[in-house]
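Sharing a model prediction with you, sequence too.
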Amino acid sequence: IHAQELIDTSLSHGFTEVISRPTRITDHSATLIDHIYTNALQHTTSAGVALVDTSDHLGTYITLNYQSRRVSGSYIPKSERENAHRRKFSDENFTKFNQLIGEETWDTVLNEGDPNVKYRVFETIYKKHYDNAFPENPAQIKRVNQHREPKNWILPWLEDACARKDKLYEKFVRDPTIQNKVKYNKMKKFCRRHVALAKK
């Protein structure tokens, strides 16, 4: 299949190639034959070629950002969310990961002749250091109206009340009738009173 036909076919199905540099380089040619395609380009933060001399092909990688509250086209069942685990990618953990990778000799990888075995050994070592630096912890299930950094004094029902107050305010701004103003002011007073009590 010609390169342009491959590009046209992938684009017609909503996939975009994110690797643009050669991945197999010899003394007489440079070709891109190790591809990464994505249908979530808006969540791609970086992609490229890793200059690692473990094979006659260079490695390729892609970094995705799933920090947004909703990812387009994705759905995770409630049962899976409740059993989900997350990793903490802090500066401290990145420093630890870089240290572990830097101290690794990679002798078992370099001394292996079979490229398939070589990759599996590399993957095992890499995953060991990755899990060590970024351990999985049970994910905390976020409530519907929970703030990103909730205060320890605010209760779930009060968060819901404040969210209701914000919606009433938005409704009043869009349609400033006396009825909408009365409903908003009533909820506003309720929230102020209970926030003050909760802070004591």
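On my side now, so go ahead.

Could you check the pLDDT of Pro135?
Looking at Pro135, its pLDDT stands at 90.

got the contact list for it?
Taking Cβ atoms under 8 Å, 6 or more residues apart in numbering, we find Pro135 in contact with 87-88. Every residue, glycine included, has its C-beta placed from N, CA and C.

Could you check how far the residue of the chain most remote from its centre is from Arg24?
The C-alpha centroid of the chain is most remote from Ile178, which lies 44.6 Å away (Cα atoms, centre = their mean). The spacing between Ile178 and Arg24, counted by Cβ to Cβ, to the nearest Å, is 73 Å.

Compute the number of surrounding residues for Glu5.
9 (other Cβ atoms under 10 Å).

hey, where'd the strands end up in this structure?
16-17, 24-25, 30-31, 37-38, 44-50, 59-64, 85-87, 136-138 (DSSP state E).

want to throw the ones you listed into JSON lines with mean neighbour count and distance to Asn93?
Shown next, in JSON lines, are the strands of the chain (neighbours: other Cβ atoms under 10 Å; distance: least, Cβ to Cβ, whole Å):
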{"stretch": "strand 16-17", "mean neighbour count": "15", "distance to Asn93": "31"}
{"stretch": "strand 24-25", "mean neighbour count": "14", "distance to Asn93": "34"}
{"stretch": "strand 30-31", "mean neighbour count": "12", "distance to Asn93": "36"}
{"stretch": "strand 37-38", "mean neighbour count": "16", "distance to Asn93": "26"}
{"stretch": "strand 44-50", "mean neighbour count": "14", "distance to Asn93": "18"}
{"stretch": "strand 59-64", "mean neighbour count": "14", "distance to Asn93": "16"}
{"stretch": "strand 85-87", "mean neighbour count": "11", "distance to Asn93": "8"}
{"stretch": "strand 136-138", "mean neighbour count": "10", "distance to Asn93": "12"}
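
For the protein, name the helix or strand with the lowest mean pLDDT.
helix 78-82 (a mean of 53; mean pLDDT, DSSP states H and E).

contacting residues around the residue nearest to Ala133 when sequence neighbours are not counted?
Closest residue in space to Ala133, ignoring its immediate chain neighbours: Phe97 at 3.5 Å, by Cβ to Cβ, 6 or more residues apart in numbering. By Cβ under 8 Å, 6+ apart, Phe97 lies in contact with 129-130, 133-134.

That'll do, ta.
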